[in-house]
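A.B. asks: coordinates only, no sequence provided:
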């Protein structure tokens with residue numbers, strides 16, 4: 001720490017603070033008084049109340065797990081927090097609306113990290129085998145699509161964190177994010193080993209300095225909810241479903257065979273647009289070209305029908 005006096009360290013408090021964890025608060029208090037940390041990262045309101053009770057004088061950063069989806073909540077938090085981490089669930093348009101007429105330096109945004117999908121007091125490892133605090137190996141859950149979800153145990157506070165299958169990374173949006181002048185751009189490391197962490201840090205250092213030719217170290221990643229294209233796709237899907245429903249009801253009383261055939265073709269067109277939109281959304285978030293197989297197959301089938 002002495003060798004890096006220009007770097008600020010923050011103590012990340014647990015995601016869940018229950019009564020069984022109160023015995024750890026004295027240890028956290030000693031750490032905050034040791035002058036090693038410039039502040040703390042608070043994950044819930046229970047921890048905020050504890051910090052107020054001990055009259056904590058350092059910086060308090062609110063994590064993205066604290067509800068902050070409207071300006072009234074942000075205004076309330078500003079009385080207690082020095083900086084707030086933007087919610088992961090909001091897209092760019094909603095984030096900018098939330099920060100309207102406020103100082104952007106009071107916000108930080110997570111631009112890399114494997115996102116937690118669920119926090120649970122039900123221990124997956126204990127359910128499968130037995131309680132073993134000495135084992136640090138995560139448990140893995142697999143869904144019907146063969147996606148692997150790591151489950152990490154926090155045995156100190158006795159809760160589990162279910163993480164997403166791939167990390168979120170906003171490196172393709174970094175220029176836009178940097179222009180918005182957030183106070184902090186945060187990278188969260190959880191399951192990465194030393195080499196993976198070093199590669200990702202090096203990559204972000206390069207794009208921060210303007211280098212654009214490096215390849216992102218992770219083969220698979222997601223953009224989370226940030227991209228506006230996903231929001232637009234919702235409107236396209238709803239519009240197509242509405243038109244499809246209208247045509248279906250118009251088609252029912254029709255006895256004119258030629259008229260009915262035209263409406264049936266329109267139905268097929270709207271169904272295809274829905275499938276194509278969904279596939280493009282999956283492609284943009286999962287970066288897997290196999291998601292284009294279904295709409296391409298549909299196009300070949302439609303072409304064959306009309307030509308042959």
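C.D. replies: That came in fine, so what should we check first? Computed from a predicted structure; not experimentally measured.
A.B. asks: quick one: average pLDDT of stretch 32-42?
C.D. replies: Averaged over stretch 32-42, pLDDT sits at 92.
A.B. asks: now stretch 156-173
C.D. replies: Stretch 156-173 comes out with an average pLDDT of 93.
A.B. asks: go on, stretch 107-118?
C.D. replies: On average, the pLDDT along stretch 107-118 is 94.
A.B. asks: swap in stretch 59-76?
C.D. replies: 90.
A.B. asks: tell me the buried residues in it?
C.D. replies: For stretch 59-76, burial by neighbour count (16 or more other CB atoms under 10 Å) applies to 60-66, 68, 74. In short, each C-beta sits where N, CA and C put it, glycine included.
A.B. asks: over to stretch 130-138?
C.D. replies: Here stretch 130-138 shows residue 138 as buried, counting by 16+ other CB under 10 Å.
A.B. asks: give me the pLDDT value at the spatially most central residue of the chain.
C.D. replies: Residue closest to the average C-alpha location in the chain (CA atoms, centre = their mean): residue 224, at 4.3 Å. Per-residue confidence (pLDDT) for residue 224: 85.
A.B. asks: so which of the buried residues of stretch 59-76 sit within helices?
C.D. replies: residue 74 (DSSP state H).
A.B. asks: hmm, back to that, the residue nearest to the centre of the chain is in contact with residue 168, isn't it?
C.D. replies: Yes: at 4.4 Å, residue 224 counts as touching residue 168 under the criterion of CB atoms under 8 Å.
A.B. asks: ok, and what's touching stretch 189-196?
C.D. replies: 113-114, 138, 150, 152, 163, 197, 200, 217 (CB atoms under 8 Å, 6 or more residues apart in numbering).
A.B. asks: cool, and stretch 80-98?
C.D. replies: 39, 42, 48, 52, 59-64, 66-71, 74, 77-78, 106-110, 115, 168, 173, 176, 180, 182-184, 186, 224-228, 230-231.
A.B. asks: cool, and stretch 131-138?
C.D. replies: 123, 125, 150-153, 155, 191.
A.B. asks: show me the shaky parts of this structure.
C.D. replies: 1-5, 228-265, 267-268, 275, 278-279, 281-295, 297-299, 301-308 (pLDDT under 70).
A.B. asks: which one of the buried residues of stretch 59-76 is nearest to residue 29?
C.D. replies: Nearest to residue 29 among the buried residues of stretch 59-76: residue 60, at 14.0 Å, using CB to CB.
A.B. asks: where's the closest residue to that closest one other than its chain neighbours relative to residue 274, distance?
C.D. replies: Distances taken as CB to CB, 6 or more residues apart in numbering place residue 81 nearest to residue 60, at 5.2 Å, with adjacent residues excluded. Relative to residue 274, residue 81 is positioned 43 Å away (CB to CB, to the nearest Å).
A.B. asks: the more surrounded of those two?
C.D. replies: Neighbour count, other CB atoms under 10 Å: between residue 81 and residue 274, residue 81 has more, with 22 against 19.
A.B. asks: SS state for that one?
C.D. replies: coil (DSSP: H, G, I helix; E, B strand; the rest coil).
A.B. asks: mind listing what the closest residue to residue 45 other than its chain neighbours touches?
C.D. replies: Among residues not flanking residue 45 along the chain, residue 66 sits closest, at 7.0 Å (CB to CB, 6+ apart). Shown in contact with residue 66 (CB under 8 Å, 6+ apart): 42-45, 77, 84-85.
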